[in-house]
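J.: please find the sequence and the predicted model below.
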Amino acid sequence: EAERARAAADQQAHQLREANDALRAESRRLADRVAAAEEQARRARTEARDADASKKHLERELAAVRQRQSRQLNQQWNQRQETQHQAQDMRRAQQSQNQQQ
């Protein structure tokens, strides 16, 4: 009877060790998956920061190009206006000279 009880206890202890080993292995697998997910999330955050920094840089470049373009268009407009005024002044002077002759 004692022998049977000891054998049953040994078998139960063996089953508990196997169950414990299986839980330990599952725990390691899950911990590895958590670590991989954390690394993936860290890389995604880094990529998002890099993308945001790149976007901001490009937005600043775009704003600078638009500002240069606007200045250039304004210069061209002003030059055209000046040329038109000079042409009008020359026509008036010519008309005035023609009238005086």
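T.: Structure's in. What do you need?

J.: where's the residue nearest to the spatial centre of the chain, which helix or strand?
T.: Compute the mean C-alpha point of the chain, and by C-alpha atoms, centre = their mean the closest residue is residue 51, 2.0 Å away. Assessed by DSSP states H and E, residue 51 sits inside helix 2-100.

J.: same question for that helix, mean pLDDT?
T.: Throughout helix 2-100, pLDDT has a mean value of 96.

J.: work out the gap between that helix and the centre of the chain.
T.: 0 Å (C-alpha atoms, centre = their mean, to the nearest Å).

J.: how far away is residue 77 from residue 99?
T.: From residue 77 across to residue 99, the span is 33 Å (C-beta to C-beta, to the nearest Å). (C-beta placed from N, C-alpha, C; glycine too.)

J.: how about residue 70, what does it touch?
T.: By C-beta atoms under 8 Å, 6 or more residues apart in numbering, no residues touch residue 70.

J.: correction: residue 40
T.: Taking C-beta under 8 Å, 6+ apart as the definition, residue 40 has no contacts.

J.: please begin residue numbering at 41 from this point
T.: Fine by me, first position is 41 from now on; the one you just mentioned is residue 80.

J.: can you tell me how far it is from residue 94?
T.: Relative to residue 94, and taking C-beta to C-beta, residue 80 is found at 21 Å.

J.: how about stretch 105-118: buried residues?
T.: Across stretch 105-118, burial judged by 16 or more other C-beta atoms under 10 Å covers no residue at all.

J.: list the neighbours of stretch 91-103 that are in contact with it.
T.: So stretch 91-103 is contacted by nothing (C-beta under 8 Å, 6+ apart).
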